[in-house]
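Trainee: model this:
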Amino acid sequence: MHIAQRIAPCLWFDNQAEEAAKFYTGIFKNSKIVETSRYGEVGRDVHRRPPGSVMTVAFELEGRRLPR
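Mentor: The predicted model follows:
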């Protein structure tokens with residue numbers, strides 16, 4: 001009996017998510033940045049990040065989307 005398991009990684013970068021996504025998509029073929037979410041002015045007193053800074057980056061490596 002063969003059981004195939006896939007690894008489902010979740011990468012975390014406090015302040016370098018965009019740079020990391022660019023790095024990884026540059027290494028693997030069939031890869032791309034799908035979506036970048038940025039912090040806004042609303043909620044700044046809670047998230048304490050400058051408006052326009054990156055919150056999350058969704059990208060594909062070898063056709064597999066991260067994060068999932």
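
Trainee: can you give me the strands in the protein?
Mentor: For the chain, applying DSSP state E gives strands covering 32-38, 54-61, 64-66.

Trainee: Give me whichever of the ones you listed is most buried.
Mentor: Most buried of the strands of the chain, by mean neighbour count (mean count of other Cβ atoms under 10 Å): strand 54-61, with a mean of 17. C-beta coordinates here come from the backbone N, C-alpha and C atoms, glycine included.

Trainee: Assess the claim that E62 and K32 are in contact.
Mentor: No - if you go by Cβ atoms under 8 Å, E62 and K32 don't touch, sitting 10.7 Å apart.

Trainee: thinking I33 is in contact with A20, fair?
Mentor: No - I33 lies out of contact with A20 (Cβ under 8 Å); the separation is 10.6 Å.

Trainee: Would you mind grabbing the residues shared as contacts by those two?
Mentor: Counting by Cβ atoms under 8 Å, 6 or more residues apart in numbering, the residues touching both I33 and A20 are V57.

Trainee: how much distance is there from stretch 14-28 to the middle of the chain?
Mentor: 8 Å (Cα atoms, centre = their mean, to the nearest Å).

Trainee: how many neighbours does the closest residue to R38 other than its chain neighbours have?
Mentor: Among residues not flanking R38 along the chain, G52 sits closest, at 5.4 Å (Cβ to Cβ, 6 or more residues apart in numbering). The burial count assigned to G52 is 9, neighbours taken as other Cβ atoms under 10 Å.

Trainee: before we move on, what about A17?
Mentor: Look at A17: counted by other Cβ under 10 Å, it has 19 neighbours.

Trainee: In this structure it contacts T56, no?
Mentor: Yes - between A17 and T56 there is a contact under Cβ under 8 Å: 6.8 Å.

Trainee: re the thing from before, hang on, isn't the residue nearest to R38 packed against Y39?
Mentor: Yes - using Cβ under 8 Å, G52 is in contact with Y39, at 7.0 Å.
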